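Participant: Mind folding the following:
(chains A and B)
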Amino acid sequence: DGGITQSPKYLFRKEGQNVTLSCEQNLNHDAMYWYRQDPGQGLRLIYYSQIVNDFQKGDIAEGYSVSREKKESFPLTVTSAQKNPTAFYLCASSILLHNEQFFGPGTRLTVL
Amino acid sequence: DAKTTQPNSMESNEEEPVHLPCNHSTISGTDYIHWYRQLPSQGPEYVIHGLTSNVNNRMASLAIAEDRKSSTLILHRATLRDAAVYYCILRDVQNAGNMLTFGGGTRLMVKP
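Facilitator: Now for the predicted structure:
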């Protein structure tokens, strides 16, 4: 089955620790994205990547970092510099930058 | 950036048609109108998109006003599975840096 996966579904971390969220797709899509969603709010773009080894900051990149070493993978690291990291994190991919986006199931991160 | 305005919430009865409105009075000539929906605790999924003409697919229909300042997403027979937040988004594909911007959306509640 083709799709986009995120793991884990729920993640708990202590304040001050970095944490990396996984996103993998087997759709052969060039573009990948990371969004953050807070309760009752819409999605906000953190980072996006058009192709391997290239990525761009979105609207709220501060306190986050990404890498795109493989086409299939776009991990997101939430660093200790992110002031309010508790949120629902969504990864998406699309064939090219402007095409329909396919979303993963999300990872709910709680920082204690 | 062109913005959209949607009602915060709407209610519908099961098996009845639903018309979800979206206002976008500052839309530009190169803005496509996209609709996504997000079921509870899941990532968003693409519903439909259009530029000027009305569009139909297996999920819904999109009716676009002649002046393009508003559009309506039509679910022909609402089911309980259609209860979700529906996002209306404008996207200028001529602007390489233009990403999907998810606002608050409309929360659709479907009553049995």
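Participant: from here on, contacts and neighbour counts on C-alpha atoms
Facilitator: Will do.
Participant: Can you tell me, leaving aside adjacent residues, what's nearest to the residue minimising distance to the centre of chain A?
Facilitator: With distances taken as Cα atoms, centre = their mean, A:W34 lies nearest the centre of chain A, 3.2 Å away. For A:W34, ignoring the flanking residues on the chain, the nearest one in space by Cα to Cα, 6 or more residues apart in numbering or on different chains is A:C91 at 4.6 Å.
Participant: which element is that neighbour on?
Facilitator: For A:C91, the element it lies in under DSSP states H and E is strand A:87-94.
Participant: So which other helices or strands are in contact with that strand?
Facilitator: strand A:4-7, strand A:31-37, strand A:102-103, strand A:107-111 (3 or more Cα pairs under 8 Å, 6 or more residues apart in numbering or on different chains; DSSP states H and E).
Participant: That strand pairs with which strands?
Facilitator: strand A:31-37 (antiparallel), strand A:102-103 (antiparallel), strand A:107-111 (antiparallel) (DSSP bridges).
Participant: can you list the residues of chain B near chain A?
Facilitator: Applying Cα under 8 Å from any Cα of the partner chain, we find that chain B lies next to chain A at B:41-46, B:93, B:96, B:99, B:101-105.
Participant: Just the buried subset of those, please.
Facilitator: Buried members of the residues of chain B next to chain A, scored by 16 or more other Cα atoms under 10 Å in any protein chain shown, are B:42-46, B:99, B:101-105.
Participant: Lowest pLDDT pick from those?
Facilitator: Going through those one by one, the lowest pLDDT turns up at B:M99, 72.
Participant: can you pull the contacts of that one?
Facilitator: For B:M99, the contact set (Cα atoms under 8 Å, 6 or more residues apart in numbering or on different chains) comprises A:98, B:91.
Participant: ditto for A:G42
Facilitator: A:G42 makes contacts with B:102-105, as judged by Cα under 8 Å, 6+ apart.
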